[in-house]
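**Q** Quick one, fold the following:
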Amino acid sequence: MTPLNNARDRLRRLLDEQIPEGGTDKDTRFTNDDLDGLLGEAGSLYSAASLGWTEKAGMFQREMAGIEQMTTGQESYRMTSLKDQLDYALKMAKTYADMAAMARGGSWMMKVKKPEVL
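**A** Okay, here's the model as predicted:
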């Protein structure tokens, strides 16, 4: 397995996009080409996951088509609300964006004040 395949598989796990048993990457929201694009565009695994979750939030809206409850005869099905799904996806996007920022590191600036001595 190449490093690109490892990163792609890891990103697929971070996005909670499993390939169904006996299926291919085309049976998920993100194909391998989509994941490669995210990895190339983002520059880091966590940044790619953040972008992916942001895209996934838009996909939820399209997939639900505004349906949150369905009734057939005496049976009634209630789905997770679109608002809850969007909140979850955007929270995941922020979580991974924060992780990407921490992984980048950075500089710390401190100011030291001379203590007063009696």
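**Q** contacts, neighbours, all on C-alpha from now
**A** Will do.
**Q** low pLDDT regions in this protein?
**A** 1-3, 65-67, 105-110 (pLDDT under 70).
**Q** Can you show me the helices along it?
**A** Using DSSP state H, the helices found in the chain span residues 3-14, 32-42, 45-64, 82-104.
**Q** OK, contacts around L38?
**A** Under the criterion of Cα atoms under 8 Å, 6 or more residues apart in numbering, the neighbours of L38 are A48, A49, L51, G52.
**Q** returning to that earlier point: so which of the helices of the chain is the most packed in?
**A** helix 45-64 (a mean of 19; mean count of other Cα atoms under 10 Å).
**Q** How about residues contacting it?
**A** Under Cα under 8 Å, 6+ apart, the answer for helix 45-64 is 7, 11, 14-15, 29, 38-39, 41-42, 82, 85-86, 89-90, 92-97, 99-100.
**Q** Export the helices of the chain as CSV, with columns for distance to P115.
**A** As requested, these are exported to CSV (distance: least, Cα to Cα, whole Å):
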stretch, distance to P115
helix 3-14, 48
helix 32-42, 45
helix 45-64, 42
helix 82-104, 32
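**Q** Which of those sits closest to E116?
**A** Taking Cα to Cα, helix 82-104 is the member of the helices of the chain nearest to E116, at 35.7 Å.
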